[in-house]
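>>> Sequence plus the predicted model coming up.
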Amino acid sequence: MKDGQVTILYIEDDPGSQRLVQRALQFAGYRVVLASRGIEGIDLALQERPDLILMDINLPDLSGREVTTHLRAAQGFQDVPIVALTAESHADEREKALVAGATGYLTKPIDIDKLAGQIAGFLGGMKERLAAEVAQQVSAQYSQELVKRLESKIRELEKINAELRRLDKIKDDFIQLTAHELRTPLTVIHGYTQLLHNSEALRQVLAESPEIASLVEGLMQSIERMSAVTNEILTISRFASGRIELSLGPVSLEEVVAVAVEDYAPACAERRLTVTVRPESWHLRLHADGELLYLSIANLLGNAIKYTPDGGAITITVEEQDEAVQLAIADTGIGIDAEEQARIFERFYTAGDTQLHSTSKTAFRGGGLGLGLAICKAVIEKHGGRIWVESAGRDEGKLPGSTFYITLPRNDPAGMKRRAPQTGAAP
Ligand code: ADP
């Protein structure tokens with residue numbers, strides 16, 4: 001009952017019947033809520049807690065009987081009258097409705113003049129009953145029907161699932177092929193621009209014409225960016241198809257972090273961001289793929305830069321644990337909502353308004369395809385490690401910040417505590 005009015009939930013997929021019944025019941029003083037499908041009906045029932053439910057049997061998803069059986073088992077629905085609307089022509093339909101848990105039934109087409117009176121009767125405690133023998137027989141039939149339907153649904157879903165997997169593979173292959181095809185000409189363009197950049201003739205032109213210099217600069221930056229994006233796509237699609245092998249060797253994690261920090265130093269200086277590594281030095285060697293670890297740590301550092309406004313602070317903390325080493329990259333940026341924290345590690349997932357993204361990789365909220373974290377996750381997990389994020393939520397005013405954690409197994413006991421001379425160098 002809501003505001004003293006008796007609420008009736010009417011679950012019916014035919015709009016004509018919906019209108020007719022709704023009007024008749026409203027005229028009789030009832031509050032009517034409508035659902036057109038079985039699952040929607042269940043959700044609405046749990047939300048609205050109606051005083052009576054009027055249930056069509058033939059619904060497009062779950063049948064009215066199945067909805068009734070579900071609701072009868074739900075808390076607080078044991079005594080709510082559920083009145084089935086059954087077609088006269090179908091044998092056993094009423095009996096099946098009662099076995100499923102209906103309080104009674106009305107036959108279709110509904111006699112609209114009698115409806116309000118019949119509803120009042122059910123609200124007043126009226127109940128239809130079945131002889132025990134009939135109930136037992138129909139109940140067995142109903143159970144068999146349910147099992148058959150369940151089986152056919154599972155078969156249907158398995159088929160759809162297989163088709164989706166096939167389409168997903170076509171999509172992955174297409175992405176990989178496209179990135180691969182793009183990379184070849186890009187490598188050539190990249191090479192030519194390097195040659196141009198180093199050519200004495202061009203250097204003179206650039207020195208004389210700031211306009212041409214800025215055009216060339218824009219061109220070079222775009223080519224760099226395009227190469228980075230194609231490489232990202234290739235890396236993630238290789239992981240997705242399981243075609244990636246780690247190239248393992250001794251790696252100094254300290255060195256990997258130092259190189260990433262150094263690579264981003266110009267961007268940090270431009271954006272007045274400080275990067276602190278704690279402790280200042282540690283000597284830990286891992287048996288890992290140095291290139292891929294660099295890629296992951298650089299991605300995390302790049303993100304910390306992208307999602308922290310100018311003047312912020314980034315802190316990288318390393319903690320040696322018994323079995324693992326933990327790296328935490330904390331920023332004072334915009335933060336990440338709790339619901340997004342797992343999803344951002346999915347491929348092509350970007351949180352927030354991507355339209356606002358700039359195309360620069362280090363500008364505040366600089367754009368990306370949403371692949372960086374998926375790559376980090378794939379790399380870290382392939383190493384037997386874990387990656388996750390902690391953040392108090394996204395707030396571009398208060399800047400709660402985010403901390404990304406990586407743990408990697410300490411798997412090189414011989415090299416532990418010894419300083420490795422160089423990333424990937426031989427012991
Ligand atoms: P992108 O290329 O969009 O940066 P990523 O996979 O690296 O893709 O990150 C996915 C999303 O996670 C980003 O679009 C961003 O919304 C969010 N994100 C990643 N790192 C941070 C961070 N340090 N602070 C706030 N949001 C972040």
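Looks like it arrived, so ask away.

>>> tell me the contacts of the residue nearest to residue 392 when sequence neighbours are not counted?
In this structure, residue 392 finds its nearest non-sequential neighbour in residue 400, 4.0 Å apart by Cβ to Cβ, 6 or more residues apart in numbering. No exception for glycine: its C-beta is placed from N, CA and C like everyone else's. By Cβ atoms under 8 Å, 6 or more residues apart in numbering, the residues touching residue 400 are 334, 335, 391, 392, 393, 394.

>>> now with 7 Å?
335, 391, 392, 393 (Cβ atoms under 7 Å, 6 or more residues apart in numbering).

>>> can you pull the pLDDT of the first one?
Looking back up the chat, that one is residue 335. You'll see residue 335 listed with a pLDDT of 96.

>>> from memory it sits against residue 393, does it?
Yes - using Cβ atoms under 7 Å, residue 335 is in contact with residue 393, at 5.5 Å.

>>> quick one, which of the two is more surrounded?
Neighbour count, other Cβ atoms under 10 Å: between residue 335 and residue 393, residue 335 has more, with 24 against 15.

>>> could you check the distance from that one over to the ligand?
Plainly put, residue 335 is 6 Å away from the ligand if you go by Cβ to the nearest ligand atom, to the nearest Å.

>>> in what helix or strand does the nearest residue to that residue once chain neighbours are set aside lie?
Nearest residue to residue 335, sequence neighbours excluded (Cβ to Cβ, 6+ apart): residue 400, at 3.9 Å. For residue 400, there is no helix or strand it lies in under DSSP states H and E.

>>> State the distance from residue 400 to residue 213.
41 Å (Cβ to Cβ, to the nearest Å).

>>> in the chain, what residue is nearest the ligand?
The minimum distance from the chain to the ligand, using Cβ to the nearest ligand atom, falls at residue 368 (1.7 Å).

>>> quick one: the strands in the chain?
In the chain, the strands defined using DSSP state E lie at 7-11, 31-35, 52-56, 82-87, 104-108, 249-252, 274-278, 285-288, 313-320, 324-331, 386-391, 402-409.

>>> Make a markdown table from the ones you listed and add mean neighbour count and mean pLDDT to it.
Converted to a markdown table, the strands of the chain look like this (neighbours: other Cβ atoms under 10 Å; pLDDT from 0 to 100):
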| stretch | mean neighbour count | mean pLDDT |
| --- | --- | --- |
| strand 7-11 | 24 | 97 |
| strand 31-35 | 20 | 97 |
| strand 52-56 | 26 | 97 |
| strand 82-87 | 24 | 90 |
| strand 104-108 | 18 | 91 |
| strand 249-252 | 23 | 92 |
| strand 274-278 | 14 | 96 |
| strand 285-288 | 24 | 91 |
| strand 313-320 | 17 | 96 |
| strand 324-331 | 20 | 96 |
| strand 386-391 | 17 | 98 |
| strand 402-409 | 21 | 97 |
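
>>> Is it possible to get JSON lines of these that adds distance to the ligand?
Putting these into JSON lines (distance: least, Cβ to the nearest ligand atom, whole Å) gives the following:
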{"stretch": "strand 7-11", "distance to the ligand": "40"}
{"stretch": "strand 31-35", "distance to the ligand": "36"}
{"stretch": "strand 52-56", "distance to the ligand": "43"}
{"stretch": "strand 82-87", "distance to the ligand": "46"}
{"stretch": "strand 104-108", "distance to the ligand": "52"}
{"stretch": "strand 249-252", "distance to the ligand": "22"}
{"stretch": "strand 274-278", "distance to the ligand": "13"}
{"stretch": "strand 285-288", "distance to the ligand": "21"}
{"stretch": "strand 313-320", "distance to the ligand": "9"}
{"stretch": "strand 324-331", "distance to the ligand": "5"}
{"stretch": "strand 386-391", "distance to the ligand": "7"}
{"stretch": "strand 402-409", "distance to the ligand": "4"}
